[in-house]
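J.: Sequence plus predicted model, see below.
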Amino acid sequence: MPKSIDLTGHKYNLLTVVSRTDQKTPNGQWRWLCKCDCGAETVLNTGNIRGGRTKSCGCLQRRKGEEAPAYRHGRSRTKEYDNEYQMKKNYGVEYETYLGMVAKQGGKCAICGSEPPKNQHKKRLSIDHCHATGEVRGLLCDPCNRGLGFFRDNQDNLKNAINYLAR
């Protein structure tokens with residue numbers, strides 16, 4: 001059986017190992033009392049400490065602003081940043097261009113003329129595009145955008161649906 005390594009006094013990321021507890025994990029690893037640089041104490045197993053899977057008591061994930069591990073330019077990990085990134089990545093549309101499209105359409109859906117909902121999860125108009133060419137056609141509310149998607153951008157299917165509703 002391998003000899004266990006004494007981690008007492010060693011520093012791993014923000015954690016300093018204080019002492020070994022008398023507990024073991026189900027797979028036989030020792031559990032260690034660790035003190036974080038923020039002052040909090042936590043008990044962790046050997047594998048998480050030495051493997052680098054646990055870097056702090058959890059305070060790293062709670063940091064905001066410039067102190068956050070993922071901070072880049074003040075807006076990382078925000079809903080607005082994610083939306084702007086996805087617009088650029090998926091449709092090649094800069095956020096300023098999107099705002100111009102919203103203004104040009106009067107802030108309303110290009111099909112039904114409704115405004116985006118204010119009380120739901122998605123509070124902006126969707127960017128509609130041709131799936132064959134990738135060309136952006138306009139901005140739609142979520143139901144209209146989904147409707148076109150369900151009809152697979154097929155004009156014949158849409159005409160058949162109109163005829164069906166007219167009956």
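T.: Everything's here; your move.

J.: Does residue 123 touch residue 115 like I think?
T.: No. The pair residue 123 and residue 115 fails to qualify as a contact (C-beta atoms under 8 Å) at a distance of 10.1 Å. Any C-beta I mention is one placed from the backbone N, CA and C, and that applies to glycine too.

J.: Identify the contacts common to these two.
T.: Common contacts of residue 123 and residue 115 (C-beta atoms under 8 Å, 6 or more residues apart in numbering): none found.

J.: Packing partners of the helix or strand bottoming out on mean pLDDT in the chain?
T.: Least confident helix or strand of the chain, by mean pLDDT, DSSP states H and E, is helix 59-62 with a mean of 80. Contacting helix 59-62 under the criterion 3 or more C-beta pairs under 8 Å, 6 or more residues apart in numbering; DSSP states H and E is no other helix or strand.

J.: Quick check: buried residues in it?
T.: Neighbour counts using 16 or more other C-beta atoms under 10 Å place residue 60 of helix 59-62 among the buried residues.

J.: For it, report the contacting residues that lie outside it.
T.: Counting by C-beta under 8 Å, 6+ apart, 14, 36, 38, 40, 69 sit against helix 59-62.

J.: among those, which two are most distant?
T.: Greatest spacing in the contacts of helix 59-62, by C-beta to C-beta: 40 and 69 (17.0 Å).
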